[in-house]
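[1] Here's my sequence, what's the structure:
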Amino acid sequence: DDWEGQVNAWPLDEGLIDYVAKDYQHALGNPGATANIIANTEIQVGEDKVDVKEITSEKLASLNELGGSEANVATGYHAIEFLLWGQDLNGTGPG
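    Residues are numbered from 1 along each chain as shown. This is a model prediction of the structure:
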């Protein structure tokens, strides 16, 4: 199951992928929570700068757990769901 985290990782900080609401509550201590790889050509997470001008499958896979945070998820079902339908702003809580 080496690839399971690439396909089904959850929860994710959507701000790694694209823009989110200004009041978005990301995982505490996650330096990549507002990186927004869609809108930027380069992101900085801590001391590391990452070139995201060209988004490839290899690049996306390398962004998973960026900066040591499990909430940085760039591939899989939940990342695709966010790209298709956007941020869940319903505020209905778990479930």
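
[2] Spatially nearest residue to Gln6 (excluding sequence neighbours)?
    Thr75 (5.0 Å; Cβ to Cβ, 6 or more residues apart in numbering). In this view, the C-beta of every residue, glycine as well, is placed from N, C-alpha and C.

[3] secondary structure class for that neighbour?
    Following DSSP: H, G, I helix; E, B strand; the rest coil, Thr75 is assigned to coil.

[4] The residue positioned nearest the centre of the chain and Glu58, how far apart?
    In the chain, the C-alpha nearest the mean C-alpha coordinate belongs to Leu16, at 3.5 Å (Cα atoms, centre = their mean). Separation of Leu16 from Glu58 (Cβ to Cβ, to the nearest Å): 17 Å.

[5] Looks to me like Gly29 is in a helix.
    No. Using three-state DSSP, the assignment for Gly29 is coil, not a helix.

[6] who touches it in this structure?
    With contact taken as Cβ atoms under 8 Å, 6 or more residues apart in numbering, Gly29 is in contact with Ser69.

[7] Check the gap between it and Asp13 for me.
    11 Å.

[8] which stretches of this protein form helices?
    4-8, 57-63, 77-85 (DSSP state H).

[9] Quick one: closest of those helices to Glu47.
    Evaluated with Cβ to Cβ, those place helix 57-63 nearest to Glu47, the distance being 16.1 Å.

[10] Please enumerate residues in contact with the closest one?
    Against helix 57-63 from outside (Cβ under 8 Å, 6+ apart): 6, 16, 32, 37, 50, 52, 72, 74-75.

[11] Lovely, talk soon.
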